[in-house]
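>>> sequence first, predicted coordinates after that:
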Amino acid sequence: CWGFSDYITWEELTSTGQDYVIDGTFIIDLRLKLEDLVGLRKVDRPDFFEANDPLHGVTLIINGDKIYASKQILALHSQVFHKMFFGQFKEKYSSEVELQDINKE
């Protein structure tokens, strides 16, 4: 089914007696069913335990376990990793970094 089965006017939407606006808050209940996506492609998620993924630029070693990751993605989400990989630290040039006193979970 394409389009809308019914429209509602702005006056009806905002009138008193309707339960669309409560205490000045506009309530929206939206339910979607996606049947076909056009123009989008499925992107496989990187496997952080697979060494051969081309996105990995660093191997994090945590309690002896290796986790393969991207320095750029880690830096985007953490100031600590940003300074570690793009500041004046030895990890900037390292392909393996051992992290201590943390739990990988």
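Arrived safely.
>>> and the most centrally placed residue in the chain, what pLDDT?
Central residue of the chain (CA atoms, centre = their mean): His77, 9.9 Å from the mean position. Each residue has a pLDDT score; the one for His77 is 92.
>>> same thing with Glu12?
At Glu12, pLDDT is 78.
>>> got it, and the one 4 residues further on?
At Thr16, the predicted lDDT confidence score is 67.
>>> quick one: the residue nearest to the centre of the chain from Ile8, how far?
For His77, the distance to Ile8 (CB to CB, to the nearest Å) stands at 41 Å. For the C-beta atoms, the positions are set from N, CA and C on the backbone; glycine is no exception.
>>> state the phi and psi torsions of the residue nearest to the centre of the chain.
The phi/psi pair for His77 (degrees, to the nearest 10) reads phi -110, psi 0.
>>> same question for the residue of the chain positioned farthest from its centre, what's its three-state structure.
Here the chain reaches farthest from its C-alpha mean at Gly17, the gap being 40.0 Å by CA atoms, centre = their mean. Put simply, Gly17 is coil when judged by DSSP: H, G, I helix; E, B strand; the rest coil.
>>> same question, His82
His82 - assigned by three-state DSSP - is helix.
>>> residues near it, how many?
His82: 15 surrounding residues under other CB atoms under 10 Å.
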